[in-house]
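Asker: pasted the sequence and its predicted model underneath.
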Amino acid sequence: MSTRSRHGGRHELGQNFLVHHPTVDRVVGLVAVTDGPVLEIGAGDGALTVPLARLGRDLTAIDLDEHLVRRLRRRLPSVRVEHTDVLRHPLDRPVVVGNVPFHLTTPVLRRLLTRDRWQHAILLAQWEVARKRAGVGGATMMTAQAGPWFTFTLHGRVPAQHFRPAPGADGGLLAVARRTEPLVPARERSGYEAFVRRVFTGRGRTLADVVAGATRSTRREAHALLASCGVAARALPRDLDAGQWARLWRELPRRQGVRHA
């Protein structure tokens with residue numbers, strides 16, 4: 001009987017199973033300080049599922065490999081184990097946790113950030129993506145766009161040899177939490193995201209040049225706007241934190257005499 005899933009083999013499914021017990025303990029410890037039912041994505045061979053089940057919380061585990069799902073159901077009858085795709089399954093539990101297939105790190109994060117029913121996500125993800133999302137070395141446009149509603153915390157690097165088979169890159173332990181008090185109202189999210197995109201993709205020798213173009217203001221007005229928000233003169237878009245982006249957005253209507261839609 002073939003052990004290959006009808007969706008592909010280990011490479012196609014991104015199956016790199018976590019085998020480093022201290023990392024398992026750290027992931028479970030981050031989940032333990034949250035509240036509510038848990039959704040585990042990419043359950044695999046159960047390295048996280050088994051200790052998560054010991055927390056005594058309502059736990060649903062999902063995986064695309066039907067053989068692993070069948071084994072986990074036999075091994076953990078108290079856990080709801082579902083055969084489904086993380087890019088289709090509703091992310092409707094307060095806590096989402098998982099060893100994310102590295103090639104799906106960005107699609108999974110994008111999907112999470114557009115769903116409103118979870119509160120905490122603890123993800124083992126591809127290192128470079130996890131690092132960038134946490135703003136290490138500068139924020140990406142995606143992180144800046146999500147910053148008013150979410151916080152991103154990097155809890156360390158997980159070497160490739162802590163997985164079997166070892167992937168071609170290290171992992172990173174990333175925690176994402178929904179802010180209890182958003183920095184920008186939800187109704188303004190699309191406008192805010194468009195503003196961040198214009199700044200990140202705009203042209204200019206300095207940030208003031210870019211902001212002037214993005215806001216249809218003069219360079220002098222852009223300088224004053226940035227200074228009022230505590231942004232250094234030589235800063236780049238990647239250097240701004242979530243609070244500074246939110247202040248820029250809030251200051252625009254007051255200075256331009258318009259209201260955000």
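Answerer: Structure received. These numbers were taken from a predicted model, which means no experiment stands behind them.

Asker: confidence score at residue 4?
Answerer: At residue 4, the model reports a pLDDT of 51.

Asker: and if you look at the one 4 residues further on?
Answerer: Model confidence at residue 8, given as pLDDT, is 40.

Asker: list the buried ones in stretch 90-104?
Answerer: Judged by neighbour count (16 or more other C-beta atoms under 10 Å), stretch 90-104 contains these buried residues: 91, 93, 94, 95, 96, 97, 98, 99, 100, 101, 102, 104. In this view, the C-beta of every residue, glycine as well, is placed from N, C-alpha and C.

Asker: cool, stretch 154-167 as well?
Answerer: So, applying 16+ other C-beta under 10 Å, buried residues of stretch 154-167: 154, 155, 158, 162, 163, 167.

Asker: list the contacts for the third one?
Answerer: Contact analysis of residue 158 by C-beta atoms under 8 Å, 6 or more residues apart in numbering lists 18, 20, 23, 124, 127, 170, 171, 172, 173.

Asker: which of these lies closest to residue 227?
Answerer: residue 172 (34.5 Å; C-beta to C-beta).

Asker: tell me how far that closest one lies from residue 160.
Answerer: For residue 172, the distance to residue 160 (C-beta to C-beta, to the nearest Å) stands at 11 Å.

Asker: and residue 185, by the same measure?
Answerer: 42 Å.

Asker: what does residue 110 give?
Answerer: 24 Å.

Asker: now this structure, which segments are flagged as low pLDDT?
Answerer: 1-15, 254-261 (pLDDT under 70).

Asker: mind doing that once more with 50?
Answerer: 1-2, 5, 7-14, 257-258 (pLDDT under 50).

Asker: quick check, central residue of it?
Answerer: Centroid check for the chain by C-alpha atoms, centre = their mean gives residue 109 as the closest residue, at 4.2 Å.

Asker: is it within a helix or a strand, and which one?
Answerer: Assessed by DSSP states H and E, residue 109 sits inside helix 105-112.

Asker: hmm, who's touching that helix?
Answerer: 41, 86-87, 91, 96, 100, 118, 121, 123, 125-126, 129-130, 133, 142, 176.
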